[in-house]
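Q: no letters, just coordinates:
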């Protein structure tokens, strides 16, 4: 292997990207579209993977890729502003530069789901890592059975991708259901936690592949609901994004039992996670 190839394959090497656009999704969440800074295409990714985004002089953090995996001219990230690095990211202006490492991690089991119904369950910003999987299923609609998306947020103003959610609901064999914890006087949709939406979907347990992303407490209850309804454990997949710092298993911040979430995940099958999900001290 040549020295140039070795440098290109170094997972710690940061590639410069230029901010093409910043779109405000909610009061604290923004979608950034990145384009190549040097004319070379950015790395391809699989739905469910993440990148490390670096702001010069501030720091870096892991962010899931939330764009269409078959649009290779850019990379898209949906970021919630909750700290200094995320604040610096969401306040970037078109033309500013951001460093990117990756993509890293495992992906959603879209090949294994072919010919089956796909159930997407998301909470809050957890819809962002699942959006590439939804794009893939919609782009290859004939390869899959029904697509069901159950999405919960704190309030109507916290719902992500509202226009897309509405557009997806008109696709044949596709069911989109949203719920919020607090609706307010103008909200006309469902109110309650995301598991309350299960009463409105018709599952064929043996033909369903479930993909879940959200707060861990939410995912625990979703898994219990799926088990009650007979969905096999081996067809339940979760994104365990948490505490990732380096993306390559050096720092150990994201260790969960025998796994490093950044290196062995972030997408895991439920049987892999079953022994560790109820251990709050991990």
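A: Arrived safely, thanks for sending. Because the structure is a prediction, the values reported are computed rather than measured. Numbering: from 1, shown residues only.

Q: mind checking the longest strand of the protein?
A: Longest strand in the chain, counting residues (DSSP state E): strand 15-24.

Q: what mean pLDDT does it get?
A: Mean per-residue pLDDT for strand 15-24: 94.

Q: output the contacting helices and strands for that strand.
A: Under the contact definition 3 or more CB pairs under 8 Å, 6 or more residues apart in numbering; DSSP states H and E, strand 15-24 sits against strand 29-36, strand 97-104. Where you see a C-beta, it was placed from the backbone N, CA and C, and this is true even at glycine.

Q: ok, residues contacting it?
A: Applying CB atoms under 8 Å, 6 or more residues apart in numbering, the external contacts of strand 15-24 come out as 30-38, 42-43, 74-75, 90, 92-101.

Q: mind listing what's buried in it?
A: Buried residues in strand 15-24, counted by 16 or more other CB atoms under 10 Å: 15, 17, 18, 19, 20, 22.

Q: as a markdown table, those with distance to residue 54 would be great.
A: What follows is the buried residues of strand 15-24, written out as a markdown table (distance: CB to CB, whole Å):
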| residue | distance to residue 54 |
| --- | --- |
| 15 | 10 |
| 17 | 10 |
| 18 | 14 |
| 19 | 13 |
| 20 | 17 |
| 22 | 17 |
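
Q: out of the residues you listed, which comes closest to residue 265?
A: Checking these against residue 265 with CB to CB, the nearest one is residue 15 at 22.7 Å.

Q: does the closest one have beta-bridge partners, and which?
A: Per DSSP bridges, the residues bridged to residue 15 are residue 100.

Q: gap between it and residue 40?
A: 9 Å (CB to CB, to the nearest Å).

Q: picking up where we left off before, how far off strand 29-36 does the longest strand of the chain point, in degrees?
A: Interaxial angle of strand 15-24 relative to strand 29-36 (axes from the mean of the first three to the mean of the last three CA atoms, to 10 degrees): 150 degrees.

Q: show me where the protein has its helices.
A: Taking DSSP state H as the criterion, the chain contains helices spanning 3-8, 84-90, 127-139, 162-168, 216-228, 261-264, 270-273.

Q: give me the domain ranges for the protein.
A: 15-104, 117-239 (automatic domain parsing).

Q: related to what we said a few turns ago, which of the helices of the chain sits closest to residue 112?
A: Between these, helix 127-139 lies closest to residue 112; by CB to CB that is 12.0 Å.

Q: no further questions, thank you.
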